[in-house]
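Trainee: What shape does this take:
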Amino acid sequence: MDGIESYWIWAILGLTLAALEMLVPGVYLIWLALAALSVAVLSFVSGPPLAMEVISFVSLSLIFAFSAKRWLRDRPIISSDPLLNNRVGRLVGETAVVTQAIESGTGRVKVGDSEWTARGADVDAGARVRITGNRGTDLLVEPVGVLRDESSN
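Mentor: Below is the predicted model:
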């Protein structure tokens, strides 16, 4: 090429894509950046024609992206807090106060500073219940202090 060598163009493209990866959410542009930087090295070492550089860029982009996808599928990133975005899941095991009596299996409970729809055994307003799970956004509750006597069967 006249003026600027093609490896400089690929290097600038690769560095630009790497910088954009930091600004744009997701992990995709980094693989394109690695492909562009690889083509820059290839272009610097052997100087293939532009068509071959473009084919190399596309091929390496696909190889890097699908290799990374497979790598992350086989080795998932384990979260230190798996319930981070599961607000209802974080409530399991907590106690709540019944604000609207649970009748026919449905009522309302107060947990912290918010009220939730609750499902469980019939309980009067003001009673304390333990959250045992959830069904959608409804909390599954059971009365606190109820002893289960299994020896009476």
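Trainee: By mean pLDDT, which helix or strand of this protein comes out lowest?
Mentor: Within the chain, no helix or strand scores below helix 87-90, which has a mean of 84 by mean pLDDT, DSSP states H and E.
Trainee: buried set for that helix?
Mentor: residue 88 (16 or more other CB atoms under 10 Å). Any C-beta I mention is one placed from the backbone N, CA and C, and that applies to glycine too.
Trainee: again, but for stretch 59-71
Mentor: For stretch 59-71, by 16+ other CB under 10 Å, it's 60, 61, 64, 65.
Trainee: in the protein, which spans are helices?
Mentor: In the chain, helices defined by DSSP state H lie at 6-23, 29-46, 50-74, 87-90, listed in chain order.
Trainee: before we move on, back to that, output the buried residues of stretch 59-71 as JSON lines; include the columns pLDDT and distance to residue 47.
Mentor: Output for the buried residues of stretch 59-71, formatted as JSON lines (pLDDT from 0 to 100; distance: CB to CB, whole Å):
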{"residue": "60", "pLDDT": "95", "distance to residue 47": "17"}
{"residue": "61", "pLDDT": "96", "distance to residue 47": "21"}
{"residue": "64", "pLDDT": "95", "distance to residue 47": "22"}
{"residue": "65", "pLDDT": "93", "distance to residue 47": "26"}
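Trainee: excluding its backbone neighbours, what's nearest residue 88?
Mentor: residue 134 (4.4 Å; CB to CB, 6 or more residues apart in numbering).
Trainee: what does residue 145 give?
Mentor: Nearest residue to residue 145, sequence neighbours excluded (CB to CB, 6+ apart): residue 128, at 7.4 Å.
Trainee: pretty sure the one you found is touching residue 95, no?
Mentor: Yes. In this structure, residue 128 is within contact of residue 95 by CB atoms under 8 Å, at 5.4 Å.
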